[in-house]
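Engineer: sequence and predicted structure are below.
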Amino acid sequence: MCFIVIDVPQMKMTISPYPIFVDEHKEVTITIETRGKAKEIRISREHDKEPTLCGSRMVIPPLLKDDAGVYIIDILLSLDNYYDCARVKIDVFKDVKEMVSSCKLNINGILDDIDISDLMKIYLDPDTHPTRKNWRHLGCYLGKLSGEQMNNLASLDNKTKGVLEVIKSKSPNCTCAEIVQCLQRCMIRNDLVNEISLHHKCLACDYFYQHV
């Protein structure tokens, strides 16, 4: 999977694979390609070397962290007989769980977003389809709701919203990416995932949108 990271005059880059998952005990090699040329870079979460002088030339390590802890790549590329250094910020995660927690839209934001909350009601409230998973499955997979709690929610006009409210009370930091992950991987509701993708974009959610 490739992901366009930067688009500036004369330069368009793709990074593959992306997102990048690296735990504390290993490193991965990514390929950055621009103008038909590819450059391989090894990435480790422990990489903290500073730029060094080699003769009269500054040697920049491939990976640094900025003040916010975001990884930065410095790439030296030849463009029209000149060398340009492109600084690209990338996200490096330990695993999918860490990536999912990086989503900025939390469950409170979903409840406040009329478009997304209404979509979830339309797609998940009906429970008449014999095989299509609905609000009950969302409550079971993500909210760990009991049978009694499910029965209490069954009389609500908006059962899905009721499930989300319970999930919010248990996990106030639950993110949109966690919900999208559950819809895609546990409930196989790619129809709803596709609809949500039209209203919310972030690296974590995009990862699941692209795997639909």
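Structural biologist: The structure has been received and is ready for your questions.
Engineer: so which bits of stretch 156-165 are buried?
Structural biologist: Using 16 or more other C-beta atoms under 10 Å as the test for burial, stretch 156-165 gives 158-164. Yep, even glycine has a C-beta here, placed from its N, CA and C like the rest.
Engineer: narrow those residues to those in helices?
Structural biologist: Here DSSP state H is the test, and those give 159-164 as lying in helices.
Engineer: okay, and for the protein, where does confidence drop off?
Structural biologist: Applying pLDDT under 70 to the chain flags the ranges 1-13, 24-27, 32-39, 41-90, 212.
Engineer: per-domain residue ranges of it.
Structural biologist: The chain breaks down into these structural domains: 3-93, 97-209 (assignment by automatic domain parsing).
Engineer: so Phe208 sits right up against Ile179, yeah?
Structural biologist: No: between Phe208 and Ile179 there is no contact under C-beta atoms under 8 Å: 9.9 Å.
Engineer: how about the helices in the chain?
Structural biologist: If DSSP H is used as the criterion, the helices of the chain fall at 96-101, 107-112, 114-124, 135-141, 147-153, 159-170, 176-181, 190-196, 203-209.
Engineer: my read is that Gln181 contacts Val100, right?
Structural biologist: Yes: between Gln181 and Val100 there is a contact under C-beta under 8 Å: 5.9 Å.
Engineer: looking at the two, which one has more neighbours?
Structural biologist: Between Gln181 and Val100, counted using other C-beta atoms under 10 Å, Gln181 has the larger neighbour count: 24 against 21.
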